[in-house]
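A.B. asks: Next come a sequence and a model predicted from it.
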Amino acid sequence: GKDTAWVVCRYIDRPFLLAGRKFDIRAWALLAPNYTSYLFEEGVARTSSFEYDLSDLSDRKKHLTNHCIQCEAPEYSKFEAGNELSFQQVHEYLQTQ
């Protein structure tokens, strides 16, 4: 028979938002040959160009924060350059909430 692969996930319908928009966190790590791991202190939050709206799941730009999807929108970089916030900028935003 033919092998079948499945991906099963649950959509988070009440995500934590930054300024009303979805985001993901991009962090970098290094695993040394002896399995020691290092996490780079600085990373980024990649943001959506649009406010989160659960009423239209077909609009990928409201729900996915990948640059290859966001850069297709005229609103790309409207809020942040390159739709990215540093960890420091995220921290500063959270302090005001």
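C.D. replies: Now that the structure is in, tell me what you want to look at.
A.B. asks: drop to CA atoms for contacts and neighbour counts, all remaining ones
C.D. replies: OK.
A.B. asks: now the strands: where do they sit in the protein?
C.D. replies: In the chain, the strands defined using DSSP state E lie at 23-26, 29-31, 37-39, 44-47, 84-86.
A.B. asks: Run the chain-centre distance for stretch 65-81.
C.D. replies: On the basis of C-alpha atoms, centre = their mean, to the nearest Å, stretch 65-81 sits 12 Å off its chain's mean C-alpha point.
A.B. asks: That stretch: which residues count as buried?
C.D. replies: 65-67, 70-71, 76-77 (16 or more other C-alpha atoms under 10 Å).
A.B. asks: try stretch 39-52
C.D. replies: Per 16+ other C-alpha under 10 Å, stretch 39-52 contains these buried residues: 43-52.
A.B. asks: Give me the mean pLDDT for it.
C.D. replies: For stretch 39-52, mean pLDDT is 95.
A.B. asks: mind checking the longest helix of this protein?
C.D. replies: helix 87-95 (DSSP state H).
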